[in-house]
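In: 3D model of this:
(chains A and B)
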Amino acid sequence: MKKIINNPVDFVDEMIEGIILAHPSKLKTPGEDPRIMVRSDAPVKGKVGIVTGGGSGHLPLFKGYVGQGLCSGVAIGNVFSSPSSQQCFEATKAVDGGAGVLYLYGNYGGDVFNFDLAADLAELEDIETRTVVGRDDVASQPKDNRLERRGVAGLIFAYKAAGAAAERGDSLDEVAAAAEDIVDNTATMGIGLSPTILPTTAALSFDLPDGEMEIGIGIHGEPGIHRGALESADAITDRLVGALVEDLELADGDRVAVLVNGMGATPLEELYVMYRRVHQKLSGHGVTIQKNYIGEYATSLEMAGASISLLKLNDERLALLEAPASSPFFLEV
Amino acid sequence: MRSTELTEQIQGSLKEVVAYADELRDLDQALGDGDLGITITLGAGAVIEALAEIPQDASPSEIARACAKAFANANPSTMAALVAGGLLAGSKVWKDVEDVDIRAAARFVRAAGENIAQRGKTQIGDKTIVDAIMPAADALDAGDDGTSGLDAAISAAEKAVIDTRSLRSRRGRAAWLQERSIGLQDPGATAMLRFLESWRTASVRTKS
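Out: I've put the predicted structure just below:
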């Protein structure tokens, strides 16, 4: 295992320490627990707070989306592990400005468990909460079971929309509805080329023979729906886009936002090769791309691979995506 | 049982239950991370203190809610949060209750158990506290009066606790032990049993 780390058990805390040191004007640790990070101006009085959270190893997900027009705070777990209920609750208290708090995170058992417990603890403190979970990974469950799907890179669309809604002063129910509407119209599929090495155990996140690819892989290396010989960028992109177009039932005249996301070890150049093909394919379907994001938005440490997310747009969703937002890892002006 | 008596009864029970802290710690050390003893000790202390401050006119529902809050914050842990969430769910079914009788007690225990089961994605037989809570709720529901209902609930919980020994843990840290968990008694279910026994001890003490 070759990694630039110190003692593996200190990896997460040292990474958080680095982020806080680098961006003291934007982010802060509200209490004693370093695993909770909030906007430097939190709590913002009278506005809905948004708390996200999940395991480490996915930067810029989740902590990279704490900022203006985005989430208000994050509870940070170990690599690929949920934060505790207490950490979710502490983050809730730190961002509550009196208008309630939305929990917005990816659909994984441990995270759901701990955020649900935190919701009970928040209720005891008279803080109102709502929960919306990202569930965009179309390879993780068939469409008729889509509420059980895992949340992956498409979660950033929901962050962007919910953050914009909260910033403009929407109520808790309205912010939750904006997030839910995005989640309902987002679909993602990934491809994995090589696994991640977990820092504490040096274990591989999945096994994949040389020269093979896994279509539909999850951001922790969860198995996908097809494994086979590596194909060309165009062939891979066609598989992913084809599945997403079908899932979202995109038709001639529809508009979308596109996210081509690198999983950690795939170069930006390759992502643009993929984007070129996404554009060609969607044009062929008569679908217009009104917004695009290309780069690393949700990684899996040093996994090689990528994912494509599509969000079906309407005027309201587009306006929320285009609203200003700023964090150390995300800027929309 | 009205508010004043309820407050005294809870405080009395919690003073009794801390006597079982070492037993619970040892059971939890074998199956979990061993913090159940301290969770119970600090949680019980915090609840007793919180109830000493509660207004005279607090309703049973408000009393239960105050217990939940104090327990959650005393020694934060997953177990504390689960129990607090259960008490919160129980407090909601007592919204219009002024006099807690055996039926109201049954509804409270059932709501608490259902909330814990739902939060923990747990069913009876998974070797958790839920294994003892649900049969206790059934027994309370079938009871004719407080005394006989409580006796029946304790018997039901005791049987459930003994039954957990032969089960494999399916939830929480204990599930990591897989088949090695078989033979060990579940600490959560035991805690529920000890609480019910403490309730009886405290209630006998008040009446004598």
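In: please count neighbours and contacts with C-alpha atoms only from this point.
Out: Fine.
In: give me the number of residues near B:D163?
Out: B:D163 has 17 neighbours, counted by other C-alpha atoms under 10 Å in any protein chain shown.
In: ok but A:V38 is inside a strand, no?
Out: Yes: the assignment for A:V38 is a strand, going by DSSP: H, G, I helix; E, B strand; the rest coil.
In: how far off centre is the strand or helix carrying B:F108?
Out: Assigned by DSSP states H and E, B:F108 belongs to helix B:102-119. Centroid displacement of helix B:102-119 relative to its chain, using C-alpha atoms, centre = their mean, to the nearest Å, is 10 Å.
In: cool, and stretch A:109-117?
Out: 17 Å.
In: what comes into contact with it?
Out: By C-alpha atoms under 8 Å, 6 or more residues apart in numbering or on different chains, the surrounding residues in contact with stretch A:109-117 are A:53-54, A:81-86, A:88-89, A:103, A:105, B:78, B:81-82, B:85, B:119-120.
In: quick one, which of those are buried?
Out: Listed as buried from the contacts of stretch A:109-117 are A:53-54, A:82-86, A:88-89, A:103, A:105, B:78, B:81-82, B:85, B:119-120; burial here means 16 or more other C-alpha atoms under 10 Å in any protein chain shown.
In: ok, now which ones touch the residue in chain B that chain A sits nearest to?
Out: Per C-alpha to the nearest C-alpha, B:G85 is where chain B lies closest to chain A, at 5.3 Å. By C-alpha under 8 Å, 6+ apart, B:G85 lies in contact with A:117, A:120-121, B:68, B:112, B:115-116.
In: as a markdown table, these with distance to A:E249 and pLDDT would be great.
Out: What follows is those, written out as a markdown table (distance: C-alpha to C-alpha, whole Å; pLDDT from 0 to 100):
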| residue | distance to A:E249 | pLDDT |
| --- | --- | --- |
| A:L117 | 36 | 92 |
| A:D120 | 37 | 95 |
| A:L121 | 40 | 94 |
| B:A68 | 47 | 96 |
| B:A112 | 43 | 98 |
| B:N115 | 38 | 96 |
| B:I116 | 39 | 96 |
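In: any chance you could map the helices in the chain?
Out: Since no chain was named, I'll use chain A. A:11-22, A:85-95, A:109-124, A:155-167, A:172-184, A:233-247, A:268-284, A:315-322 (DSSP state H).
In: that was the other one, I meant chain B.
Out: Using DSSP H, helices in chain B cover B:3-17, B:21-31, B:36-53, B:60-74, B:78-93, B:102-119, B:130-142, B:146-164, B:187-207.
In: first-to-last residue distance for stretch A:36-54?
Out: Using C-alpha to C-alpha, to the nearest Å, one end of stretch A:36-54 lies 11 Å from the other.
In: could I get the average pLDDT for that stretch?
Out: Averaging pLDDT along stretch A:36-54 gives 97.
In: please apply the same query to stretch A:126-139.
Out: pLDDT averaged over stretch A:126-139 gives 98.
In: over to stretch A:2-21?
Out: 95.
In: which residue does the stretch 151-300 of chain A have closest to chain B?
Out: Counting by C-alpha to the nearest C-alpha, the stretch 151-300 of chain A gets nearest chain B through A:T201, at 16.6 Å.
In: ok, that residue to A:G57 distance?
Out: 14 Å.
In: with B:D35 instead?
Out: Distance check for B:D35 against A:G57: by C-alpha to C-alpha, it reads 29 Å.
In: the two: who's more crowded?
Out: The neighbour comparison of B:D35 against A:G57 (other C-alpha under 10 Å) goes to A:G57, with 26 against 17.
In: from what I see, A:Q68 and A:F329 are in contact.
Out: No: using C-alpha atoms under 8 Å, A:Q68 is not in contact with A:F329; the gap is 11.5 Å.
In: these two - which one has more neighbours?
Out: Ranked by neighbour count (other C-alpha under 10 Å), A:Q68 and A:F329 place A:Q68 first, with 22 against 15.
In: neighbours of the residue in chain A that chain B sits nearest to, how many?
Out: Here chain A gets closest to chain B at one residue, A:D120, 5.3 Å apart by C-alpha to the nearest C-alpha. Burial of A:D120 is recorded as 28 neighbouring residues (other C-alpha under 10 Å).
In: surely it touches B:L88?
Out: Yes: the pair A:D120 and B:L88 passes the contact test of C-alpha under 8 Å, sitting 7.4 Å apart.
In: for residue 9, which residues are in contact?
Out: Going with chain A. Contacts of A:V9 by C-alpha under 8 Å, 6+ apart are A:T200.
In: wrong one, I was asking about chain B
Out: Per C-alpha under 8 Å, 6+ apart, neighbours of B:Q9: B:199, B:202-203, B:206.
In: ok, now B:A104?
Out: With C-alpha under 8 Å, 6+ apart, B:A104 has these contacts: B:94, B:97.
In: quick one: it from B:A137, how far?
Out: Taking C-alpha to C-alpha, one finds B:A104 at 10 Å from B:A137.
In: kindly report the same for B:G45.
Out: 25 Å.
In: higher neighbour count, these two?
Out: The neighbour count for B:G45 versus B:A137, taken as other C-alpha under 10 Å, is higher for B:A137 (28 against 18).
In: show the model's pLDDT score for that one.
Out: 98.
In: for it, give me its contacts.
Out: Contacts of B:A137 (C-alpha under 8 Å, 6+ apart): B:106-107, B:109-110, B:153.
In: which two from the residues you listed end up farthest apart in space?
Out: Comparing all pairs in the contacts of B:A137 by C-alpha to C-alpha, the longest separation belongs to B:R107 and B:A153, at 13.2 Å.
In: which residue packs closest to B:A139, ignoring adjacent ones?
Out: B:A153 (4.9 Å; C-alpha to C-alpha, 6 or more residues apart in numbering or on different chains).
In: ok, B:G120 to B:R170 distance?
Out: 11 Å.
In: scratch that, A:A161 is what I was asking about
Out: From A:A161 to B:R170 the distance is 38 Å (C-alpha to C-alpha).
In: those two - which one has more neighbours?
Out: Neighbours around A:A161 and B:R170, counted as other C-alpha under 10 Å, are more numerous at A:A161. The numbers are 28 against 19.
In: from A:T266, how far off is the closest residue to A:P223 other than its chain neighbours?
Out: Among residues not flanking A:P223 along the chain, A:I217 sits closest, at 5.3 Å (C-alpha to C-alpha, 6+ apart). Here A:I217 is placed at a distance of 15 Å from A:T266 (C-alpha to C-alpha).
In: what does chain B put close to chain A?
Out: B:65, B:68-69, B:72, B:76-78, B:81-82, B:84-85, B:88, B:119-120 (C-alpha under 8 Å from any C-alpha of the partner chain).
In: one more time with 7 Å, if that's ok
Out: For chain B, the residues in contact with chain A (C-alpha under 7 Å from any C-alpha of the partner chain) are B:69, B:76-78, B:81-82, B:85, B:119-120.
In: closest to A:E302 among those residues?
Out: Using C-alpha to C-alpha, those come closest to A:E302 at B:T78, 31.4 Å.
In: what sits against that closest one?
Out: A:S85 (C-alpha atoms under 7 Å, 6 or more residues apart in numbering or on different chains).
In: fine, thanks again, bye for now.
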